[in-house]
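Visitor: 3D, please:
(one chain, ligands or ions: 1)
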Amino acid sequence: MAVIAYVLLRTKPGTSHQIIASRKIPGVQMASSVFGRYDAVLVISAKDMDELSKTMYDVIEKHPNVEHSECLISIPYPPEEKPKAPAETYSVISFACPSCNGLNRQGAAYCRLCGYAFETAEDFLEGKHER
Ligand SMILES: [Zn+2]
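Guide: The predicted model follows:
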């Protein structure tokens, strides 16, 4: 599953601007120097955790002035529940009427189109099929 991470970096004083070059690293969507408790923020997207680790490593390896990093992995938005099939929906096995060829539901006693009376399995076993 795709991963988005916000990476907070502390750098050696006066070097946070170097992190802007991280934008060239594949997977780094954004890299900014910031004011505050951290010196730079990156947004990284990756196809999975392995790729995220690799991108993190690339960033930190290429910036020896990074003193501290914190990787905040975003929580995936809960996937929408697949709509359940309506309760009244059931699978229907249909068969063709021998008289009119219209489709009828399995177990029907009469054709819904022409009214032809179907033989049931019980009829057949009991020898009632010869009318
Ligand atoms: Zn019919």
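
Visitor: was I right about E70 contacting V7?
Guide: Yes: between E70 and V7 a contact is recorded at 7.1 Å, counting by CB atoms under 8 Å. Using the backbone N, CA and C atoms, a C-beta is placed for each residue, glycine as well.

Visitor: between those two, who's got more neighbours?
Guide: More crowded of E70 and V7, by other CB atoms under 10 Å: V7, with 25 against 11.

Visitor: the more buried one bridge partners, please.
Guide: L42, C71 (DSSP bridges).

Visitor: now swap in the one 4 residues further on and tell me
Guide: Assessed by DSSP bridges, T11 has beta-bridge partners V66.

Visitor: contact partners for it?
Guide: When contacts are counted by CB atoms under 8 Å, 6 or more residues apart in numbering, T11 touches 18-19, 39-40, 63, 65-67.

Visitor: from Y38, how far off is it?
Guide: 9 Å (CB to CB, to the nearest Å).

Visitor: chain neighbours aside, what residue packs nearest to A96?
Guide: L103 (6.0 Å; CB to CB, 6 or more residues apart in numbering).

Visitor: helices or strands next to the longest helix along the chain in the packing?
Guide: Secondary structure assigned by DSSP state H gives helix 49-62 as the longest helix of the chain. Secondary-structure packing of helix 49-62 (3 or more CB pairs under 8 Å, 6 or more residues apart in numbering; DSSP states H and E): strand 3-11, strand 40-46, strand 66-73.

Visitor: re earlier: show me which of the contacts of T11 are buried.
Guide: Among the contacts of T11, the ones that count as buried by 16 or more other CB atoms under 10 Å are 18-19, 39-40, 63, 66.
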